[in-house]
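J.: sequence and predicted structure below; questions after.
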Amino acid sequence: MHNIIKNSDKTASLMKRASYSSLCVAVLIVTIKIISWFMTGSLSLLSSLIDSLLDIVSSLLNLLAIRYALMPADEDHRFGHGKAEDISTFAQSAFIGGSGMFIIVEGLNRFVNPVVIENEMIGIYVMIASTIIAGFLVLFQRHVVKVTGSTVIRADLFHYKTDMLINLLVVISLLLTIRFGISYLDPIFAMVISAYILKGAYKVGRDAFDNLMDKEFPDIEREKIYESILLNQNIRGVHDLRTRQSGIKPFIQFHLEIDPAVTLRSAHDISDQVEEKLLEIFPNAEIMIHLDPQDGNLNIELDKGWVVPMKNHKQ
């Protein structure tokens, strides 16, 4: 989160380029995998093909979600449109999970009704080519995630990293089939792939669901917020800290306690100083600060919900 760039135009440009690149790569990989699967009949290759077909659907959803999420706030959406990213990411996890379940069912069927694999070397060459193509995309997506923090690009990055692993497992499966001629190795590898797909789908879906449900930032991030606020020597206390994430945009709100004798202008300046410090840590954040007069004690609210005196805070 700390490496997110501040230039919103550059952020939008990178996210759009990543989504278009993902769609183009998905179409290219699917095309060569369809040809290869018809020539080999490999289930592990079919599992990889299905996953790549879902990549196209996911890439289209991502493209639409990113275009919508980057729209500025309006009268009907005062907090912006960032949730579109999380909705797309959650849908993507459902697609990934569905492909995993399909492969498991088909793998069990292959144990009962074995299928002879043909033209294994063609499948191997296709998987190697697909891995190289996906590898270039992953490097670009990793850069985009680092500088934008986009949840939907992060999910797509995981998807293509999974694709690369799947491709390598398919290559191993086909090589072992060539070497030993054992038909059930193919469905075994396919079900191993599906188990990994299901695990990834759960993680991607859980993170997106947390954002949709406005889950609080992790404790370490909340601690950084407290520490940043308390660097200002004019702050007498802080409470009611609330945080949430909407797409690439963090939302932070809290109450500050200050000396009731200060002027309104001074209080506003103190609030601006606190906000500037927080924006150094969370560059794209929307920060809402409510000012309260000090109640006579130096207080800081802990995450567990109670209030205790602040210690070692210089006046």
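T.: Structure received. Computed from a predicted structure; not experimentally measured.
J.: summarise which helices and strands the helix or strand containing residue 196 is packed against.
T.: Secondary structure assignment for residue 196, by DSSP states H and E: helix 185-212. For helix 185-212, the contact count by 3 or more C-beta pairs under 8 Å, 6 or more residues apart in numbering; DSSP states H and E identifies helix 43-69, helix 83-112, helix 151-180, strand 237-246 as packing neighbours. Using the backbone N, CA and C atoms, a C-beta is placed for each residue, glycine as well.
J.: quick check: neighbours of the last one in the sheet, parallel or antiparallel?
T.: Sheet neighbours of strand 237-246, with direction, are listed as strand 249-258 (antiparallel), strand 299-301 (parallel) (DSSP bridges).
J.: give the buried residues for it.
T.: Across strand 237-246, burial judged by 16 or more other C-beta atoms under 10 Å covers 237, 238, 239, 241, 243, 244, 245, 246.
J.: rewinding a little: mind listing what's buried along the helix holding residue 196?
T.: 185-194, 197-198, 200-201, 204-205, 207-208, 211-212.
J.: and that helix with helix 83-112, angle?
T.: Here the directions of helix 185-212 and helix 83-112 differ by 160 degrees (axes from the mean of the first three to the mean of the last three C-alpha atoms, to 10 degrees).
J.: and residue 249, how close does it get to residue 83?
T.: Counting by C-beta to C-beta, to the nearest Å, the gap from residue 249 to residue 83 is 10 Å.
J.: what does residue 266 give?
T.: Taking C-beta to C-beta as the measure, residue 266 falls 37 Å from residue 83.
J.: more crowded one of those two?
T.: With neighbours defined as other C-beta atoms under 10 Å, residue 266 and residue 83 compare such that residue 83 has more, 21 against 13.
J.: so what's that one closest to, chain neighbours aside?
T.: Nearest non-adjacent residue to residue 83, counting by C-beta to C-beta, 6 or more residues apart in numbering: residue 246, 5.3 Å away.
J.: sorry, back to before: quick one: which of the helices and strands packed on helix 185-212 is nearest residue 226?
T.: strand 237-246 (6.7 Å; C-beta to C-beta).
J.: so what does the nearest residue to residue 253 once chain neighbours are set aside look like in phi/psi?
T.: The spatial neighbour of residue 253 that comes closest, neighbours along the chain excluded (C-beta to C-beta, 6+ apart), is residue 288 at 3.9 Å. Here is the backbone geometry of residue 288 (degrees, to the nearest 10): phi -120, psi 120.
J.: residue contacts, residue 231?
T.: Contacts for residue 231 (C-beta atoms under 8 Å, 6 or more residues apart in numbering) come out as residue 277.
J.: where does it fall, secondary structure wise?
T.: Counting by DSSP H and E, residue 231 is found in no helix or strand.
J.: please report phi then psi for it.
T.: For residue 231, the backbone dihedrals (degrees, to the nearest 10) come out as phi -70, psi -20.
J.: what about the stretch 51-200 of the chain, any weak spots by pLDDT?
T.: Within the stretch 51-200 of the chain, the segments meeting pLDDT under 70 span 51, 62, 64-74, 76-82, 110, 114-120, 181-183, 186.
J.: one more time with 90
T.: For the stretch 51-200 of the chain, the stretches with pLDDT under 90 are 51-135, 137-138, 140-200.
J.: can you give the domain ranges for the protein?
T.: Per the record, the chain has its domains at 8-212, 219-309, by automatic domain parsing.
J.: leaving out sequence neighbours, find the closest residue to residue 102.
T.: Residue 102's closest residue in space is residue 50 (C-beta to C-beta, 6+ apart), at 6.4 Å.
J.: rewinding a little: so the helix holding residue 196 versus helix 151-180, what angle?
T.: Angle of helix 185-212 versus helix 151-180, following the same axes, to 10 degrees, is 170 degrees.
J.: show me which residues of the helix or strand following helix 185-212 are buried.
T.: Using DSSP H and E, the helix or strand that follows helix 185-212 towards the C-terminus is helix 219-229. By 16+ other C-beta under 10 Å, the buried positions in helix 219-229 come out as 221, 222, 224, 225, 228, 229.
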